[in-house]
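In: Need the 3D shape of this:
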Amino acid sequence: MRKTLPLLVLAALLVPAAAQAKKLEVDGPASIVGRGPVHGALHAESPATVNLRFRAAVVRITGKADDLNVTCNGRRAKTLERTNRRGLKVVGCMGRGLQVSITATRFGFAARSRGAYGIQIPEGMSGVLFGHFAHPEAPAEEERPAADS
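Out: Predicted coordinates for the structure are as follows:
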């Protein structure tokens, strides 16, 4: 019983958080902002560069070893890289003020972000993202001159 109760409490806390994640189909060019965890897969006809910005995060990027090029910059940024038997390169980045630049034709990524994130998707790249996205602000209405009486 001592082990079961904490697991039930943890599951009850995680289910609502996962249920709030939204699916977003994107076509570049696009700028996306949000908070918390985000993951997705993007693809293009020719290699394109996607920029990710995080306040503090752990990011995993997966793609073909001969196609994927990842650069991670930030305070105390650490990068781990390996290639598995199937020819997929897996790159892990973590740090604060993290800026990740990914150049590839097809890749997937997952990030656990503490705080806000931003994603810049270039022209010609498309795919699906799942996460907690900020709603774009509605355009402000133009002020109309007051009618003279």
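
In: tell me the mean pLDDT for stretch 37-55?
Out: For stretch 37-55, the mean pLDDT works out to 94.

In: Can you give me the distance of Arg76 to Thr49?
Out: As for Arg76, its distance to Thr49 is 24 Å (criterion: C-beta to C-beta, to the nearest Å). To be clear about C-beta, it is placed using only N, CA and C from the backbone, and glycine gets the same treatment.

In: Those two: which has the busier surroundings?
Out: Higher neighbour count among Arg76 and Thr49: Thr49, with 15 against 10, using other C-beta atoms under 10 Å.

In: Name the spans of this structure whose pLDDT lies under the cut-off.
Out: Regions of the chain meeting the criterion pLDDT under 70 cover residues 1-20, 135-149.

In: how about the nearest residue to the most centrally placed residue in the chain, chain neighbours excluded?
Out: Central residue of the chain (C-alpha atoms, centre = their mean): Val38, 4.5 Å from the mean position. Spatially, and ignoring its direct neighbours in sequence, Val38 is nearest to Gly131 (3.3 Å; C-beta to C-beta, 6 or more residues apart in numbering).

In: does that neighbour belong to a helix or a strand, and which?
Out: According to DSSP states H and E, Gly131 maps onto strand 125-133.

In: what do you get for Val26?
Out: strand 22-27.

In: which helices and strands sit right next to the helix or strand just after that strand?
Out: Of the helices and strands lying after strand 22-27 in sequence (DSSP H and E), the nearest is strand 30-64. Judged by 3 or more C-beta pairs under 8 Å, 6 or more residues apart in numbering; DSSP states H and E, strand 30-64 is in contact with strand 22-27, strand 69-83, strand 88-113, strand 116-121, strand 125-133.

In: Tell me which of those approaches Arg60 most closely.
Out: strand 88-113 (5.1 Å; C-beta to C-beta).

In: report the angle between the axes of that closest one and strand 69-83?
Out: 110 degrees (axes from the mean of the first three to the mean of the last three C-alpha atoms, to 10 degrees).

In: packing partners for strand 88-113?
Out: Strand 88-113 packs on strand 30-64, strand 69-83, going by 3+ C-beta pairs under 8 Å, 6+ apart.

In: neighbouring strands for the longest one, and are they parallel or not?
Out: I take that to be strand 30-64. strand 88-113 (antiparallel), strand 116-121 (antiparallel), strand 125-133 (antiparallel) (DSSP bridges).
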